[in-house]
Each structure stands twice: as C-alpha cells, then as structure tokens.
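Participant: The following block contains a protein sequence and its predicted model.
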Amino acid sequence: MPKLLLITASSDEIRHARRSRFLNFQQITMPYLAARAPSGWQVSHVDEECDAIDWRASPDVVGITFHTPSAPHAYRLAARFRTRGACVVMGGPHVTLLPEEAGQHADVIFVGEAEGLWEEFLRGFESGNYGRVYRRDDPASLDGAPMARKDLFHRRDFTSGVLFATRGCPNHCDFCTIVMMYPHGLRKRPVGEVAAEYASFRGKRIIFWDDNIAADREYAKDLFRAIAPYRKWWSSQATIHGAQDDEFLEGAARSGCKQLFLGLESVSQTSMREVRKGFNRVEEYARAVKRVQSHGIAVQAGIVFGFDNDTPAIFGETLDFLEETGVQNATFNILTPYPGTPLFERLEAQGRILTRDWVKYNGRTDVVYQPHQMSVDELLAGYRYANRRFYSLSGVAKRMWRSPTQIWWVLPLNLAYAMAWAAGRR
C-alpha cells in the first residue's frame, strides 16, 4: 500500500509572526486532497502550525502546500525528503505564483487547481508513469466534491468545522493573489452538497473558507436558507457589497452568521482606486458597518497599511474610524506585493522592491518595498501603533461602548487578541 504524507508547511518565522493572531483557522487544502486520494493509499497529514514531522516515517509521496513566507522552509523540507527517496510534490499559492522557482525544488508541481489532476498523478505514480507539471487550462468542476477528511484536522482553533462553498472572486484587485490562483472566475459548489457538509460537523461554530461569500449574493441567499435549519453559528469573509444588501444580511443572520470579515482595506478613497478596488466607497463604510451590526452580525475589518497614497496620518485616521463606528475586531496588515501580482510588477518596474527574501513577505514583521510617502520604519511603527491602540483596554472599551452586537463573545475575543498581540511582540 503506497504511503502519502501531506504537509501544510509553516516556518518558525511565520508561526512567530502569527502569534499576534488569536485565531489561526484550520487550513483545508490537505484534508480535502486526502479525500480525493484513490482507494488503497495510506494517507497522513502534518500541519506544522501544531504538528511536528516524524522523520522516522518513510512515505512514498510527500505533498507540500505553502504560502510565500514559508517557501524557503518548504524547500528545505523537500530537499530532505528527496534525499530519503520520496517523490516530493508541491502546490499551493507560492507554487502557482512562481512555478519555475518551485519546480527546482520538487519532483512534481501543481499549478493552480488540483481537482482531477491530483487523482491522475496518484494513479500515474502507482503505475510509474506521471508528469512533472500539472496545470489546468480550464476551470475545475466543484460538483461532487468530497468532504474534507475531518480526521486530518489538527488545529485547536475554537471552531467545530471548516469548509468552502465558493472559490475565487470576480474582482481584480492589484495586491490580491486570488485572481492568480483562480483565473477562471467564481465557481460554486451545489448548495445541497455544501449544506450536507455543513450539517456533518458535530459542533456549533463553523468557518466558511470562501474568498468572498458575497460574490454571488443570490447563490448565498439560497445557501443561507439551506443551512438555517441546522442552527449553527458561522463566519466568513466578504466584500463591501454584502454589507449593502439587507436581504443578504437578513438571510445570513437567520442562518447563524455571527461575524463577517469585511475587506475595507483603507479609509483612503485614493488608495482604493490606486489598487483597482474603487468599488470600496469610503464614504459608505460607516453606513455599511452599521447595517451589518443592525442584523446582529459583528464586523471584523481587514485593514492594509502602506498604499502609495498613505502618509503617517493614515494610522490615526484609520483608528479613529474603527473606534467611532464600533468595529468589533480588526486585522491589520502591512501591504505586501506578492510575486506575480500586478502590484509586485509595478513596484519592481519602479525599482522599489527591497528584498526577495520570501520569509519577509508575511505582512506583519517586515516591509519588503519602499513606501511612497513614508519610510520603512514609519510604516512598521504605524502598523504596531494600530495594533497596540486598537487592542488596548481603552481602545476595546471605546469600541465596545459603541458596539450594539454580541458583546458577550466579542469582548472576550478582543481581550484574547490583546493578549496574543502582546505575546507576539515578545
């Protein structure tokens, strides 16, 4: 029986950078691919966020998925397994962004989506006839997708289950890797199949790992009606469009939505136009946040600092807005031009990329390009100031006072994030 070891790679550096995040939800790529393995394969999974690799094992095939900041670490893992005679297969975001680089470190690479091709490779491996590069030229069908292997979920992330209903996003923001990963646009799983997987989780707290749950709002409304009878709580991420649709929000709330991550990105309209996200209308942010909250749904704002229009004043302006609107949670990131994105190409053409040390492309501890209207040190200092102020006791109290939603769990979550941020600074 051939042995397949799947690794969700995470370097020491990125695990340290993530210490400021209280919640790091279970990644489902490898449990999902495990469910697609043909019968007869012995499959195991190591998630380096919480597991260590057992180097005594002797897998025949090692599959590794990773994001850009873990690339050097993943390459070291690959080299070690290859010296032991394993066939190393790589895929995921960084491989899709830089396939030629990744191909130097693996026996086989997958560029983009793996449905169908993954099964083809594993059958080919069994017969001794498989390719070096697997790449889809057409969109993968999500109909009949198997449920991810729950026995291969390892993170203790305070959720009962994670799944996806849709894949991709119809927008083309310059700094986002989603369109590079999924160039064929938005795809949707059949509502009934999603609802069945949603119902299969024993617990109450569910995460939809969708890139944009509001990308097709009519589909989303059908999905909400299908999952409402199971009386679970769920969270996902959406663009501002979802916050502008009361029918969408009402359906989400009735089906158990407790929090939406909204990609607000910046309180500067010029910055939004700069990166082709002009559909984010800054003057509508406050109304959108209040509309979400009025349905009993908490808002987690996604904020990015370092756009070309940003000056050192952006940090205070952003925090003022978040406090005034009573945003329950926020995730702050330093703008990071991932290789292969239009943002990276533009900054590279301008000579502003400072390093290609992928470890530093984590959006939290390093600035990897030259900002336009502030120094690298000013951007780092402003990012730290935003986290410190937002999750300070006074900042939490100010926002909770203005927050009409879910205080009973939003307050403990804020305090947990505050402690995680303090721990991450050490």
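Facilitator: Cool, the structure landed.

Participant: now the strands for the stretch 201-350 of the chain?
Facilitator: For the stretch 201-350 of the chain, the strands defined by DSSP state E, counting those that start in this stretch occupy 205-208, 233-238, 257-265, 298-305, 329-334.

Participant: between these, which one is nearest to Gly251?
Facilitator: Evaluated over the strands of the stretch 201-350 of the chain, closeness to Gly251 peaks at strand 257-265, with 8.6 Å, by CB to CB. To be clear about C-beta, it is placed using only N, CA and C from the backbone, and glycine gets the same treatment.

Participant: now the angle from that closest one to strand 298-305?
Facilitator: Between strand 257-265 and strand 298-305, the angle comes out at 20 degrees (axes from the mean of the first three to the mean of the last three CA atoms, to 10 degrees).

Participant: which other residues reach strand 257-265?
Facilitator: Identification of contacts with strand 257-265 by CB atoms under 8 Å, 6 or more residues apart in numbering yields 213, 224, 233-240, 242-243, 252, 271-272, 275, 277, 280, 285, 288-289, 292, 297-304, 328-329, 331, 406, 409.

Participant: Can you say which of those residues are buried?
Facilitator: Neighbour counting over these (16 or more other CB atoms under 10 Å) leaves 213, 224, 233-240, 242-243, 252, 271-272, 275, 277, 280, 285, 288-289, 292, 297-301, 303-304, 328-329, 331, 406 as the buried ones.

Participant: now the strands of the stretch 201-350 of the chain as a markdown table including distance to Asn414 and mean pLDDT?
Facilitator: Converted to a markdown table, the strands of the stretch 201-350 of the chain look like this (distance: least, CB to CB, whole Å; pLDDT from 0 to 100):
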| stretch | distance to Asn414 | mean pLDDT |
| --- | --- | --- |
| strand 205-208 | 17 | 95 |
| strand 233-238 | 15 | 95 |
| strand 257-265 | 12 | 95 |
| strand 298-305 | 10 | 96 |
| strand 329-334 | 7 | 94 |
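
Participant: Relative to Met419, which of these is closest?
Facilitator: Once the strands of the stretch 201-350 of the chain are compared by CB to CB, strand 329-334 is nearest, at 14.1 Å.

Participant: what are the pairing partners of that closest one, and which direction each?
Facilitator: strand 298-305 (parallel) (DSSP bridges).

Participant: distance between the partner strand and the chain's centre?
Facilitator: On the basis of CA atoms, centre = their mean, to the nearest Å, strand 298-305 sits 13 Å off its chain's mean C-alpha point.

Participant: Equivalent analysis for stretch 290-297, please.
Facilitator: 24 Å.

Participant: Only the buried residues of that stretch, if you could.
Facilitator: Arg291, Val292, Gln293, His295, Ile297.

Participant: now Glu378, what's its secondary structure?
Facilitator: Classification of Glu378 using DSSP: H, G, I helix; E, B strand; the rest coil returns helix.

Participant: Quick check: it vs Val194, distance?
Facilitator: In this view, Glu378 and Val194 are 45 Å apart by CB to CB, to the nearest Å.

Participant: higher neighbour count, these two?
Facilitator: Val194 (23 against 17; other CB atoms under 10 Å).

Participant: give me the element that one is part of.
Facilitator: Following DSSP states H and E, one finds Val194 within helix 191-200.

Participant: Which residues outside that helix are in contact with it?
Facilitator: 143-145, 147-148, 150, 161, 163, 165, 206, 219, 222-223, 226-227, 230, 232, 234.

Participant: again, only using 7 Å
Facilitator: Ala145, Met147, Leu163, Ala165, Ile206, Asp222, Leu223, Ala226, Ile227, Tyr230 (CB atoms under 7 Å, 6 or more residues apart in numbering).

Participant: For it, what does the pLDDT average out to?
Facilitator: Here helix 191-200 scores 98 as its mean pLDDT.

Participant: With stretch 124-144 instead?
Facilitator: The average pLDDT for stretch 124-144 rounds to 94.

Participant: In it, which residues have enough neighbours to count as buried?
Facilitator: The neighbour-count criterion (16+ other CB under 10 Å) identifies Phe125, Tyr130, Tyr134, Arg136, Pro139, Ala140, Leu142 as the buried residues of stretch 124-144.

Participant: Tell me where the model's unsure across the stretch 1-150 of the chain.
Facilitator: Confidence mapping of the stretch 1-150 of the chain against pLDDT under 70 gives the ranges 17-24.

Participant: mind redoing it with 80?
Facilitator: Within the stretch 1-150 of the chain, the segments meeting pLDDT under 80 span 15-25.

Participant: which residues of it fall in strands?
Facilitator: Along the stretch 1-150 of the chain, counting by DSSP E, counting those that start in this stretch, strands occupy 3-8, 42-47, 61-65, 87-91, 108-111, 133-135.

Participant: closest to Glu120 out of these?
Facilitator: It is, among these and with distance given as CB to CB, strand 133-135, at 7.4 Å.

Participant: Counting neighbours, which bits of stretch 77-90 end up buried?
Facilitator: Within stretch 77-90, the residues scored as buried using 16+ other CB under 10 Å are Leu77, Ala78, Phe81, Ala86, Cys87, Val88, Val89, Met90.

Participant: In JSON lines, list these along with distance to Glu323.
Facilitator: Shown next, in JSON lines, are these (distance: CB to CB, whole Å):
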{"residue": "Leu77", "distance to Glu323": "43"}
{"residue": "Ala78", "distance to Glu323": "46"}
{"residue": "Phe81", "distance to Glu323": "49"}
{"residue": "Ala86", "distance to Glu323": "52"}
{"residue": "Cys87", "distance to Glu323": "53"}
{"residue": "Val88", "distance to Glu323": "48"}
{"residue": "Val89", "distance to Glu323": "47"}
{"residue": "Met90", "distance to Glu323": "43"}
